[in-house]
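[1] Requesting a structural model of the entry that follows:
(one chain, ligands or ions: 3)
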Amino acid sequence: MSDHASATAPNAPTRSTNRAFSVFAGLLLVAGVLTAIAVGMWLPDTSPDVDRLWTTGPLLVIGFLLAEQLAINVDVRSGVAWTISFTEIPLVLGLLVAPFEIVLAAHVVAGVGTLLGRRVLDRAVYNAGLMFMEISVAFAVAEWIKRLLGSEGPFWAGAFVGTIAVPLLASVLGLTALRIMGKGMRVAPSLRLVLQTLVVALLNTSAGLAGYEIADKAPWGGLLIGLVFLGITAIYLAYSGLLREQRDLEALSEVSLRVARSGRHATGPRGTAPEDGEGSENDEWQLIAERIREQLNANRVVLRLRTDPQAPMRTLVAGEPLSPGMRRDDPRVLREDAMLQLPGNSVRYYRIVDAGEEVSEALTRRDAQEALVVPLRGATQLLGAVEVHDRLSRWRGFGKADIQLLRTLASHLSTAVDNRRLLARLRHDAYHDPLTGLLNRPGFREAANEPMREADTAVVVRIDLDVLSTVSDALGQAWGNRMVVAAGRRLRDELGPEVPLARLEGGAFAALMLDRQAERIQEIAERLRAALSVPYPVDRLTVEAGAVVGWATTADCEVDEPDPDALLQRADVAVRATSENEPLRQYAPSMGQIFLRRFQLVTQFRSAVENGQISVHYQPKVALPSRQVVGAEALVRWKHPEFGRVDPDEFVPAVEATGLIDVLTDFVMDKALARVRRWIDRGLRMSIAVNLSVRTLADEEFPDRVAAALKRHDVPPELLTFELTESGVMADPERALPVLRRLHAMGVVLAVDDFGTGYSSLAYLRQLPVDEVKIDKSFVLGMGTDLGDMAVVRSIVELGHSLGLIVVAEGVEDDAARDQLVGMGCDVAQGYLISRPLSEDRFEAWLRARTVQVRGARDETVLTLVH
Ligand code: C2E
Ligand code: CA
Ligand code: CA
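    Numbering: from 1, shown residues only. Ligands and ions are numbered 1, 2, ... in the order given. Below you'll find the predicted structure:
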C-alpha cells in the first residue's frame, strides 16, 4: 500500500468506487492529523537550531523525493503490487537530526511534489492521512523508546525502532484498505508480505544509521558515504532493469503460450467451435487480459478481439468492470471511439490531464484517468485492440518500459491470432469438401467418432447420386459439380444442420444418425432418396436423377468398438448391393460375398477365356418394315463352373476395371468375325455388332488390331459394327475421337448405343463419325405406357434421320411396339419379340427355322423373318 514511507508494501488500487474505502481514507486523514497534533504537543520541545533547519528541511525533501524515484515496483502474482523504496533512509536520518514538524513537512512536501509531478491525484486523502500517521507514529515510538532506555541504550535506538514501526503500520493499514475494498489477501501471503517489508526496512534503516555514523564521525566520511551510495544506486538501477526485463519476458512467453493454447479450441470438423469450446476459449483470452493487467500493474485491461472473421468482436475485461454502456461488443465502438482511432501499430498513451476533448470524453466513459491503447493488426486486417487503464501506483503513471512491453505484447498477440486464424482455416480445409462445404471423409471420421461412441445406436448412411458420372461425362465437370452441390444442399435441408454430413467423393454422401433418428432410418433413407430424385435444373435442361441409399448400424459391426470407417465401409457394401428394384438397403454380412465373387470373377477371367467358359451369343437385328435380318449383336456370356451363368452386366465392368477388357473385346470380335466369315461363305450378307468399352476407345493400337482381325477373317469392314455408349465417347473425347475416326475411315460402322440415357443432344452426334444410333431399350419398353417415352423415341427417329443416321430400336418385346416403330419410320428393331440372344448353334437353328432366303436388291441372298 504505501510505497513511500515503507520498504515494501502492497499498493492499494489507485482508484476505487468503493464507498467504504473513501470513508476509511477520510477517517485515516482525520486520525493522522489528530495524531500529529497530539504527538507534536507530547514531544519535548527541541528548540531547533534555525540555521541548520534551513539546510536540513530541503535536504530531507530531496531525500524523500530521491527515495521515491529510485523505488522499484514488484508485482505479486495475485495482481497486487508493491514497491521497494528507500524511504526509511531519509526518515531515520530525520528522526536523528530534525524536529517532528520539519520531518513531517518535508515528507508531505515530497509526497505532494511527486503526486503533482505524476499528475496522479487519486487517493490523495488516503495518502495524506498515511503520511501524517507515519511520521507521527515514528516520532512517538522513537520518543517512547528513548524514554524507556534512558541513557543506557545506544543513541540511535529510538530512531531505529521508530523507523521500523512505519512500514509495519503502513502494511497493516494497506491490508486493511484492501480488505475494505473487497480485495483482501489471505493470511499467509499477508504475513509474508509484512515480513518482507520488515526485512527491507531493517536493511534501509541500518544503512541509514551506519551512513550517518560514518558521515558524522569519520574524516571525509560524508564523501565516503556518498560514493558508497552512488555505487549501490547504480547496481540497484541495473538490477531493477534486469528484474523488469525478465518479468516482462516471462509475461510475454506466458501470453504467447496462452494464445497458442486458446487456438486448440478452434474450429473442429463441424465448422464451428463447439459451445463449450467457445467458453474455454474465452477463458483463455480472459486469462491473457488478466496477465497483461497484472504485468502492467493496471486497474483494468480491455481486450477487444475478433479471432474469427465471421464472428462478432469480443470484449474481455480484466480488473475493474467497465460501465455497461462501454461493454457493448459493438463493432461501432471500435470505429467511433476517439481513443480507438489508431492508424499504424504504435502504442498511444492518453491522459485525462492533457488529452483533447474527444479523448478525455472517451477516457471519462471508461472511468479512467489514463490509458495505453494499442491496435492488434493482422497481416490483412484489424483484429482488435488492447486498452490498459490506470496504473495501480500511487506515484507513477505508465512508463517507457510499459509502452515497450505493450507494443511487444500486441505484436505477439496479433501474430498469434493471425496464425490461429490460418490454422483454423487449414483445419477447416482439411476437414471439409471445398465444393459442397460439407465434411469430407476425414472430417466425417472426426465428427462422427465421439457421438458414435456415446450413442446407443449409430447408423452411417451412404447416399449415392446415380447419374453423376454420366452428367459430368456428357456435359462436363462443371455441370456435374453443380448437381453435386444441389444434391448436398437437399440432403442438408432434409437432415437439418446438426447431423454430420459429408461428401465422400463424386456423388457419394454419408450422414450419421444417432439413437432416435436411427430408429426411423428406413423412413429417413426413403426421404433422402426422394429428395435427390427431384429433377435438377441444369442450365436450360432438366436432369432426372435417382439415388441409392445403403446403411449400416453399430449393431451390424461384429467388432466391440465400431468406428466410423467400419460403418462407412459397410454402408458402402450396402450401396453396392442396391439395385433398381431395391434402391434402399441395410448392410447384411452376406453382402460381403458379392465382393468376394466379383474379385474371383476378375482373377479368373483370363483362364475362363482359355478354358472355354466364355462364349458369344447372338441377337438378331431386323430391318423395318421389310423384316430382313440385317445382322446380329454379339453379346458375351460366361458359364462359370461355380456361379453358373454370370451376367455381362456383372463381370464386364469388373473386367473393364482391371484392364483385361482387350482380352474380352478381341475374343468377342474374333468369334463374331469368324461367324460373319461363315455366313459369307454361304452367300449370306449379314453384319455383326460388337460392344466396345470406354477403355478400348482410349487404346491407340485398337484400330490396328481391328484391321488385322478383318484381314485374318477376310471380312469387309462394312459388315462389322462397333457399339459404343455416348458417355463412353464423352468420357475422354480427346483420346476417343482419333480412334473413332480411324475406325470410321477403315469403313467400319459405328453405332451409338443406349442413346437417350446420356445427356448429349443429337446435334452433338453430328460431330462424331457415327452411322447408327440405338435408342435405349428403356424408352422402347416404356413406349406402350408412357407418352413421354413415345415422344423421345419419335424424336430420336426423326432427328436421327435428319442427320442421315440409321436408327435402331432395341428392347422390342411386343407387336405393338414394333408396329409403332414401323409407323415412326424406325429402320431396325432388336428385341425379345424377334429373339433372345442365342448361342451360336441355337442362333443358326433359329435362322433356319424362322427365316426364308430371298434374293436381295444387289442380287445377294438375304434372310427375311417369316410371320
Ligand atoms: P447392350 O449392349 O445394351 O445389350 C443389350 C442388352 O439388352 C443385352 O443384355 C440383351 O440381352 C438385352 N436385350 C435384348 N433384347 C431385349 C428385350 O427385348 N428386352 C429386354 N428387357 N432386354 C433385351 P446382356 O446380354 O445382358 O448385355 C448387357 C450389357 O453387357 C450390354 O448391353 C453391353 O453393354 C454389355 N456387353 C455384353 N457383351 C459385351 C461385350 O462383348 N463387350 C462389351 N464391352 N460389353 C458387352
Ligand atoms: Ca449393345
Ligand atoms: Ca443397348
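[2] Pick out the residue of the stretch 501-650 of the chain closest to ligand 2.
    Ligand 2 sits closest to E633 of the stretch 501-650 of the chain, with a gap of 5.6 Å, by CB to the ion. Any C-beta I mention is one placed from the backbone N, CA and C, and that applies to glycine too.
[3] Return the residues of the stretch 1-150 of the chain in contact with ligand 2.
    The stretch 1-150 of the chain comes close to ligand 2 at no residue, as judged by CB under 5 Å from the ion.
[4] quick one: the helices in the stretch 1-150 of the chain?
    Taking DSSP state H, counting those that start in this stretch to define them, one finds helices in the stretch 1-150 of the chain at 19-42, 50-69, 88-97, 100-118, 124-149.
[5] about what we covered before: now for the host helix or strand of the residue of the stretch 501-650 of the chain closest to ligand 2, which elements pack on it?
    Assigned by DSSP states H and E, E633 belongs to strand 629-640. With contacts defined as 3 or more CB pairs under 8 Å, 6 or more residues apart in numbering; DSSP states H and E, strand 629-640 has these neighbours: helix 592-610, strand 614-623, strand 644-646, helix 648-658, helix 661-681, strand 687-691, strand 861-865.
[6] Pipe the ones you listed into a markdown table and attach distance to ligand 1 per row.
    Converted to a markdown table, those look like this (distance: least, CB to the nearest ligand atom, whole Å):
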| stretch | distance to ligand 1 |
| --- | --- |
| helix 592-610 | 12 |
| strand 614-623 | 6 |
| strand 644-646 | 10 |
| helix 648-658 | 4 |
| helix 661-681 | 4 |
| strand 687-691 | 4 |
| strand 861-865 | 15 |
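[7] and ligand 3, which of those is closest to it?
    Of the helices and strands packed on strand 629-640, nearest to ligand 3 by CB to the ion is strand 687-691, at 8.1 Å.
[8] Would you give the sheet partners of that closest one, along with the direction of each?
    Take DSSP bridges as the rule and strand 687-691 pairs in its sheet with strand 629-640 (parallel), strand 720-725 (parallel).
[9] between that strand and strand 614-623, how many degrees?
    Counting by axes from the mean of the first three to the mean of the last three CA atoms, to 10 degrees, strand 687-691 points 120 degrees away from the direction of strand 614-623.
[10] so how far is the helix or strand following strand 687-691 off the chain centroid?
    Toward the C-terminal end, the helix or strand that comes next after strand 687-691 (DSSP H and E) is helix 694-697. Offset of helix 694-697 from its chain centre (CA atoms, centre = their mean, to the nearest Å): 43 Å.
[11] what residues does helix 694-697 touch?
    By CB atoms under 8 Å, 6 or more residues apart in numbering, the residues outside helix 694-697 that reach it are 656, 659, 661-662, 665, 702, 724-725, 727-729, 731-732, 735-736, 739-740.
[12] I'd like the average pLDDT over that helix.
    In this model, helix 694-697 has a mean pLDDT of 86.
[13] How about stretch 523-538?
    90.
[14] Now do the buried residues in that stretch.
    The neighbour-count check on stretch 523-538 (16 or more other CB atoms under 10 Å) flags 524-525, 528-529, 531-533, 536, 538 as buried.
[15] Please report how far the closest residue to ligand 3 within the stretch 501-650 of the chain lies from ligand 1.
    Residue of the stretch 501-650 of the chain nearest ligand 3, by CB to the ion: E633 (8.4 Å). Separation of E633 from ligand 1 (CB to the nearest ligand atom, to the nearest Å): 6 Å.
[16] Let me see the contact set for the nearest residue to that residue once chain neighbours are set aside.
    Nearest non-adjacent residue to E633, counting by CB to CB, 6 or more residues apart in numbering: A689, 4.3 Å away. Applying CB under 8 Å, 6+ apart, we find A689 in contact with 621, 631-634, 721-723, 751.
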